[in-house]
Every structure is written in C-alpha cells, then in structure tokens.
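A.B. asks: Sequence and predicted model, in that order:
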Amino acid sequence: MVNAGTETSTSPRAQRPASSAFSAEHLAVALARLPPARRLRVAFSGGGDSLALLHALGELRERLAPTAIDAVHVHHGLHELADAWVDDCRRMCARIEVPLEVLWVDATPECGESPEAAARRARYQALTATLQPQEVVCTAHHQRDQAETLLLQLVRGAGPAGLAGMPALATLGKGWLARPLLDWSPADLRAYLEGRGIAWTEDPSNADARFDRNFLRHEILPRIAKRWPGVERTLARAAAHQADSAAVGEALAGIDLVQARGPYAGTLSASALKRLPAARARNLLRGWLAACGLPMPHAAHVEQILAALVMARDDATPLVSWPGAEVRRHRDALHASTPLPAHDPARIIGWDPRQALALPDGVLEALAVEGRGLSVERCRRARLEVRFRHGGERFRPAGRRQSTALKKLLQASAVPPWLRDRIPLIYVNDELAAVAGLWVGEGFAVADRSAGWELRWTALRELLR
C-alpha cells in the first residue's frame, strides 16, 4: 500500500526532486507523501499529462503492490470526438495493462453557470461517487495549471485561500484527491512521453481562447514568461506562500471562534465580533461560515455582515444573503444557514403522531413518554392537524392562569423571528393543543403518570441544543 504515515496535509507547497526531469522514480517520491491507500485511480483524459502519470504509475506497479492501480475516464458528451476519445483511452490503458472505468455524465450548465464550471462540477461529482475509504483519485494537474489557477483567482479578487491554488492533497468524498505532478512542468511530462515514443490525444478545445484558462495559457503566460523565464515555477511558489497565510488565518479563526461563540449551537456573538480588529473580524466570519459548511461570501458580503448585522440594534433582524447562504441576527447571535425553503402558512396537514412528519424546515416527531408531554388519552379518537401561525392565535400553556397572544409568547422565547411562522402548531379537533418543542396547552398536558408524547421539531432542537 502507498503509505506516508499520518500525513494529510493539503498544502500545495512544492518539494521538488533533485532533478527536474519527470520519471517514475521521482513520482514515487511524490506518492510517498500520500496517506495509506489501497487503490490509486488516475483521472484519465487520454491527454499527455494524464498519460504520463498513468504510464509512470504502471512502471511502479510492483513497488506499489498491494495498492491497486486503475484509470477512470469521464465522458462529458460535449465534443463530437468524445466517443473516439473513449476508444483511445481504452487502447492506451490496454497497452499499459491498467483497468479503465468510463463514467458518463450530464455536463449541462445550470442557470448562470459557465460550460467550464459545469463540466468540472459534473466531473468531480462522478469521481467522488466512485471513491471508497483508503482510495485516492490522482489528477494530472501540473506546475502550469497551478500558475493559471493563481492568476485566475487573482483577477477574481480572491483572498489567500483562493490564491493558494490547488492543494497537493485534499479529501474527496470517502477518499482523497491527490495532485502528485504539481512539481513538474508540462514540458517535463512531454519529454517523458517522447523519450519512450508514446503518442497521446490532444483535445482541440484546449486551444480555444474563449475559455479563461486557455486565454491565460496561450495569450498571457507566454508573454510573461518571455520577460520573466521560469514564471510558472515562481507563481507556484507564490501559491505555496498564500497557502501558508491561509493556514495561519484558519488557525487564528479557530482560536477566535472559541472566544466568540454565540448563545446557541453554531451561532456567533455579534458583540464579541465587534470587539475584534476589522481584519481579524473578517477572518473570523470566513472561518465561521466555512465551519458551517456554507459557500464563501464575496468581500462585499463580509462587509455587509459587519455593517448591517454586527452594528445593528439588538431588536433589529437584518439579513445578508448570497447564493447558497443567508446570515441573520437575533439579539446578540448571528445565525448562518442555507436559504430558507418556501413556506405556506395556510397549509394544514393531517398528522398521526406515531409517524414522523417531514416538513420543509425540519422533522416533527412525537416520542412516547410517561408523565409529561401531550396526553395520548386526550388525543385518542381526535383529529390531529399540523398548522402554522398566521396571526391572531391565543394560547394558554399548561400551568398558566390565562391565555396569551401566541405572538407574545414566541417573542419572549428563544425562537428567532424567521422561525416563528414556521414552527409546527398541533391542533386537536381545531383547538391549539401544543407548540412543537416549546409548550403543551392547558387541558392537553399529561397530568399524572399516564402516556404522553414529547413533541420535537428538529429545526428548533438543533438551534437550542
């Protein structure tokens, strides 16, 4: 098995061999930095870069045993020669005696998505689905690819994380994504193939300057390299420096997050954020959103969060959103989430408490308990419905002397405003009997040791845990 101990670094920092020439021996040094693997899968296009990687792995087959080696080709269906490329890949893999799996994908762009981005998304989704634990997909990204990535991120205004370029190793699904060729130029890889008399397939779309990466490759980088030879290696080194800066920022965000946690799980304290210097506050916001698993905001959105949310009055409920994410404030807590799903307050749902009910904002459950909760006897042979607040409801929680406007009860509770109209209300024969996760109404609560239902709504439970 390929084994590098416990190393799982995602840094793209180059560790260049003594000689710049690419060979199976030099590849073995790069592979030694990978985590233990029972299978190495080469993302194989049939082009020269991936062919050099696959061929060199074939030379290392005996040394790498019992680690299995195979190839996977993603058929995007975007080019008239796509079927012919599959045949070429099969012939190449047969000569190297490496198994090949072909994955057919739908690379149709989504609304606002470029063809490049759509193909990349479809490709990585397909590769991710093939991976099992201790399996590694190896791509043939090289030094020039890293330089192009840095320049693309630079013109897009990326920060250190974006300017760090492509990591040499990262998690992918259940396994890993490795880029073992980042130390070599495309010329190194071509020299390897030509020295062995090996032919490869060229994708004509690689010459199409309408694509941003190709424009940089054919129009910009050659002119820069003419003035500053070796610029690709220099840019790759710059990406490594940015990776170090990003790692320091990530570590600092982790430290600050411990001190700035909000009152509820996954929230951030606005007052704690306000006390930090501006640069450190921005860094913390990005680290917090990354920990929440949300898409990274643009710099303008970060500034909006600091201005509109952090500096807002305590009774304000501002919102900052961008594709795939929303940040709100309630009292001192910043809440981050994916966009709220559509909600119909007039919806009425018949419910059997013995079955969990999936709602757009979470799952409503009734857990069997004794001596507490909603009385099972009181609900026997009754019609139970789930409804939602639309205004004017009054409610008397068990143990209180009189009913109160439900709106006031919710305002006094820990439920943030954007969930108050979405919280499930349980009606028994048209009478409001319980508010999921909060209260059971007078006359509906278990009064002795008899059977009851503890009502849980996952959206509220996750918030208040």
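C.D. replies: Yes, it's here.
A.B. asks: Tell me where the stretch 251-400 of the chain has helices.
C.D. replies: Under the criterion DSSP state H, counting those that start in this stretch, helices of the stretch 251-400 of the chain are mapped to 270-274, 278-291, 299-304, 376-379.
A.B. asks: Same list, those, but as JSON lines with mean pLDDT, mean neighbour count and distance to residue 141 please.
C.D. replies: Just so you know, the C-beta spots here come from the backbone N, C-alpha and C atoms, and that holds for glycine as well. Below are the helices of the stretch 251-400 of the chain laid out as JSON lines (pLDDT from 0 to 100; neighbours: other Cβ atoms under 10 Å; distance: least, Cβ to Cβ, whole Å):
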{"stretch": "helix 270-274", "mean pLDDT": "93", "mean neighbour count": "18", "distance to residue 141": "37"}
{"stretch": "helix 278-291", "mean pLDDT": "95", "mean neighbour count": "19", "distance to residue 141": "23"}
{"stretch": "helix 299-304", "mean pLDDT": "93", "mean neighbour count": "16", "distance to residue 141": "27"}
{"stretch": "helix 376-379", "mean pLDDT": "94", "mean neighbour count": "17", "distance to residue 141": "61"}
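A.B. asks: residues near residue 242, how many?
C.D. replies: For residue 242, the neighbour count with other Cβ atoms under 10 Å is 22.
A.B. asks: Begin at 426 from now on, thanks
C.D. replies: Got it, the first residue is 426 from now on, which makes the last one we talked about residue 667.
A.B. asks: How about it: what's its closest non-neighbour residue?
C.D. replies: In this structure, residue 667 finds its nearest non-sequential neighbour in residue 588, 4.0 Å apart by Cβ to Cβ, 6 or more residues apart in numbering.
A.B. asks: Please determine how far the residue lying farthest from the centre of the chain is located from residue 832.
C.D. replies: Relative to the mean C-alpha coordinate of the chain, counting by Cα atoms, centre = their mean, the farthest residue is residue 826 (49.4 Å). As judged by Cβ to Cβ, to the nearest Å, residue 826 and residue 832 stand 19 Å apart.
A.B. asks: Can you tell me, leaving aside adjacent residues, what's nearest to residue 504?
C.D. replies: Nearest to residue 504 is residue 630, by Cβ to Cβ, 6+ apart, at 6.5 Å.
A.B. asks: if I've got this straight, that neighbour is in a helix?
C.D. replies: Yes: counting by DSSP: H, G, I helix; E, B strand; the rest coil, residue 630 is part of a helix.
A.B. asks: Isn't it up against residue 506?
C.D. replies: No: at 9.6 Å, residue 630 does not count as touching residue 506 under the criterion of Cβ atoms under 8 Å.
A.B. asks: returning to what we had before: quick one: contacts for the residue nearest to residue 667?
C.D. replies: 575, 578-579, 663-664, 667, 671 (Cβ atoms under 8 Å, 6 or more residues apart in numbering).
A.B. asks: Dump those into a markdown table; add distance to residue 690 as well.
C.D. replies: Putting those into a markdown table (distance: Cβ to Cβ, whole Å) gives the following:
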| residue | distance to residue 690 |
| --- | --- |
| 575 | 37 |
| 578 | 33 |
| 579 | 37 |
| 663 | 39 |
| 664 | 35 |
| 667 | 32 |
| 671 | 26 |
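A.B. asks: Chain neighbours aside, what residue packs nearest to residue 661?
C.D. replies: Spatial nearest neighbour of residue 661, chain neighbours left out: residue 571 (4.5 Å); criterion: Cβ to Cβ, 6+ apart.
A.B. asks: May I ask which helix or strand encompasses the one you found?
C.D. replies: Per DSSP states H and E, residue 571 falls inside helix 568-580.
A.B. asks: Let me have the contacts of residue 588 in CSV, extended by pLDDT.
C.D. replies: Converted to CSV, the contacts of residue 588 look like this (pLDDT from 0 to 100):
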residue, pLDDT
575, 94
578, 92
579, 92
663, 94
664, 93
667, 94
671, 93
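A.B. asks: Strands of the stretch 476-625 of the chain, residue ranges please.
C.D. replies: Along the stretch 476-625 of the chain, the segments classed as strands by DSSP state E, counting those that start in this stretch run 493-500, 525-529, 560-563, 594-597, 600-603.
A.B. asks: Could you list every helix and strand that the last one packs against?
C.D. replies: Helices and strands touching strand 600-603, as assessed by 3 or more Cβ pairs under 8 Å, 6 or more residues apart in numbering; DSSP states H and E, comprise strand 560-563, strand 594-597.
A.B. asks: Deepest in the core, which of these is it.
C.D. replies: Among those, ranked by average contacts under mean count of other Cβ atoms under 10 Å, first place goes to strand 560-563 (a mean of 23).
A.B. asks: neighbouring contacts of that one?
C.D. replies: For strand 560-563, the external contacting residues (Cβ under 8 Å, 6+ apart) are 427, 459-460, 462-468, 478, 482, 497, 552, 555-556, 597, 599-605.
A.B. asks: Of those, keep whichever come out buried.
C.D. replies: For those, a burial check counting by 16 or more other Cβ atoms under 10 Å picks out 427, 459-460, 462, 464-468, 478, 482, 497, 552, 555-556, 597, 600-605.
A.B. asks: ok so, going back, correct me, but the residue nearest to residue 661 touches residue 663?
C.D. replies: No: using Cβ under 8 Å, residue 571 makes no contact with residue 663, being 9.6 Å away.
A.B. asks: Comparing these two, which shows the higher neighbour count?
C.D. replies: residue 571 (28 against 18).
A.B. asks: How about the contacts made by the more buried one?
C.D. replies: 437, 590-591, 607, 657, 660-661, 664.
A.B. asks: if we go to 7 Å?
C.D. replies: Listed by Cβ atoms under 7 Å, 6 or more residues apart in numbering, the contact set of residue 571 reads 437, 590-591, 607, 661, 664.
A.B. asks: From start to finish, how long is stretch 775-785 in a straight line?
C.D. replies: Using Cα to Cα, to the nearest Å, the end-to-end distance of stretch 775-785 comes to 16 Å.
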